[in-house]
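With the sequence up front, the predicted model follows.
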Amino acid sequence: QLQLVESGGGLVQPGGSLRLSCEAPGLSLDSYIIGWFRQAPGKEREGVSCQSASGFITNYADSVKGRFTITRDKDKNTVLLQMDSLKPEDTAVYYCAAVPAGSFWLCNPEDFSFWGQGTQVTVSS
């Protein structure tokens, strides 16, 4: 059973940066499609960025394009979400999710099988 653990959330001022990490203790993420999602209070969970297992296919929500970057650190078996130029509307609980490579995916929450517990990101002055 794949377990995912997120870290790196916190409080940051508008315009600041945070880097979120997603780890899978004891298992390799190389054969999984990885997605970052977020859920703000009173809103549905939405896809932020997803990446194929190979890393060749990456997509971003329009609201974060040019500001967020998803990368894989294969040596550390982690998936990172670098978030720059943060805005108050980026405030949400951020979740890492995974589904085995070869699965159909469109960076929608219902396409992913395994989820982390979430990490809070708050952008406020």
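Received the coordinates, thanks.

any chance you could map the strands in this protein?
5-7, 10-12, 18-23, 32-39, 46-51, 58-60, 68-73, 78-83, 92-100, 114-115, 119-123 (DSSP state E).

got the contact list for the fifth one?
Read that as strand 46-51. With contacts defined as Cβ atoms under 8 Å, 6 or more residues apart in numbering, strand 46-51 is touched by 33-39, 57-61, 64, 68-70, 72, 79, 81, 94, 105, 107-109. (Each C-beta comes from the backbone N, C-alpha and C, glycine too.)

and that strand with strand 78-83, angle?
Calculated by axes from the mean of the first three to the mean of the last three Cα atoms, to 10 degrees, strand 46-51 forms an angle of 130 degrees with strand 78-83.

List the strands paired with strand 46-51, with their directions.
Strand 46-51 sits in its sheet next to strand 32-39 (antiparallel), strand 58-60 (antiparallel), going by DSSP bridges.

what's the most buried one of those?
Greatest average neighbour count among these goes to strand 32-39 (a mean of 24), per mean count of other Cβ atoms under 10 Å.

tell me the mean pLDDT for that strand?
Averaged across strand 32-39, the pLDDT comes to 97.

Could you export it as PDB, keeping only the C-alpha atoms?
The C-alpha coordinates for strand 32-39 follow below in PDB (Å, rounded to 0.1, in the frame of the first residue of the first chain):
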ATOM      1  CA  TYR A  32       3.500   6.400 -10.300                       C
ATOM      2  CA  ILE A  33       1.800   9.400 -11.900                       C
ATOM      3  CA  ILE A  34       1.900  12.100  -9.300                       C
ATOM      4  CA  GLY A  35      -0.400  15.000  -8.700                       C
ATOM      5  CA  TRP A  36      -0.700  18.000  -6.400                       C
ATOM      6  CA  PHE A  37      -4.100  19.100  -5.500                       C
ATOM      7  CA  ARG A  38      -5.500  21.800  -3.200                       C
ATOM      8  CA  GLN A  39      -8.700  22.500  -1.300                       C
END
